[in-house]
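S.K.: the amino acid sequence is not available; the structure is as follows:
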């Protein structure tokens, strides 16, 4: 998450802890812990122990130590935000975003122009879906920046897109994206904004995705966006060959599960369009191997089945409808249905969901 920054923040003001910090900064956590534990009680000691615990993945202990540093408070009272920011980071790492939000709010209250505090206060609100408030904090951070920060601009752009304000996102992009900007994500966002603002700018959007790929041939999102855009706006067989090549790159590359699911599904759609039903079914099945509740893939399977066996298509659509908003009865029915269909992995998935309900 922020490991290097945590270690940097743990650098002590107390010279007696320099040796402990040397161990920490060289990843000798066992000796670092022993040295910190042997030191006299002070906030530097607890900050060091908090960072060690966090690196080890023990965020309960990390929060305990960071809170102790706040209570002791020599550095905190002097306006040093390290204990509050660390506590917020540790809450975030555990997925406890409301707790993180409280700590970041405290940090902002102490220092309204601290970039770390403002950006984290915005980030946690994005996690909570509070996009408007997140934008306020990102804009305050932008005002506090002495020079343009592309990472911060990316946050602002993505948040504008999250609230559907494509024009504002586009305005920021035009300001920050120049020909020498090699950040592929920004070029992808440029393409997305262009399409949201006008469906007549397909070629321009494709150009943006192609620029992203030129800067980073491993940018899976650009391949996926380009493929889906061309697929939904052309029937040319030559174009579809290129589209399927892009989709295969995503399926085989270092993409997120969500991207892979969408790539498999889109590939299935194209193959169905080309009447290659068996291969289309394989792609829909591959999407469902990653996300059993990706409903569009179930309907894709139903479309394939309808060409050969309408009764089977009805059964597949029944599964899809049960998976839309499944309750425990639905999971029980689905478990039985998958066992009947001799699909043990999917039956197990339903069994595990039943445990979740209990």
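M.R.: On my side now, so go ahead. Given the structure is predicted, the values throughout are model-derived calculations rather than measurements.

S.K.: what's the local residue count around residue 169?
M.R.: As a burial measure, residue 169 scores 24 neighbours (other Cβ atoms under 10 Å). C-betas here are computed from N, CA, C, even on glycine.

S.K.: in the chain, which helix or strand is least confident?
M.R.: Of the helices and strands making up the chain, the lowest-confidence element is helix 74-77, at a mean of 58, by mean pLDDT, DSSP states H and E.

S.K.: show me how far stretch 279-294 is from its chain's centre.
M.R.: Centroid displacement of stretch 279-294 relative to its chain, using Cα atoms, centre = their mean, to the nearest Å, is 22 Å.

S.K.: name the nearest residue to the residue nearest to the spatial centre of the chain, ignoring sequence neighbours.
M.R.: Most central residue of the chain, judged by C-alpha distance to the mean C-alpha position with Cα atoms, centre = their mean, is residue 256 at 8.9 Å. Distances taken as Cβ to Cβ, 6 or more residues apart in numbering put residue 220 closest to residue 256, at 7.7 Å, once the chain neighbours are dropped.

S.K.: let me see the backbone angles for the one you found.
M.R.: Main-chain torsions, residue 220, degrees, to the nearest 10: phi -60, psi -30.

S.K.: what pLDDT is listed against it?
M.R.: Note on residue 220: pLDDT of 97.

S.K.: next one: residue 180
M.R.: In the predicted model, residue 180 carries a pLDDT score of 61.

S.K.: check residue 52 too.
M.R.: Model confidence at residue 52, expressed as pLDDT, equals 96.

S.K.: tell me how far it lies from residue 299.
M.R.: Distance, residue 52 to residue 299, by Cβ to Cβ, to the nearest Å: 51 Å.

S.K.: how near is the residue nearest to residue 256 to residue 248?
M.R.: Counting by Cβ to Cβ, the gap from residue 220 to residue 248 is 11 Å.

S.K.: ok, those two, which is more surrounded?
M.R.: The residue with more neighbours, out of residue 220 and residue 248, is residue 220; 22 against 15, by other Cβ under 10 Å.

S.K.: contact partners for the more buried one?
M.R.: Applying Cβ atoms under 8 Å, 6 or more residues apart in numbering, one finds that residue 220 lies in contact with 249, 250, 253, 254, 255, 256, 259.
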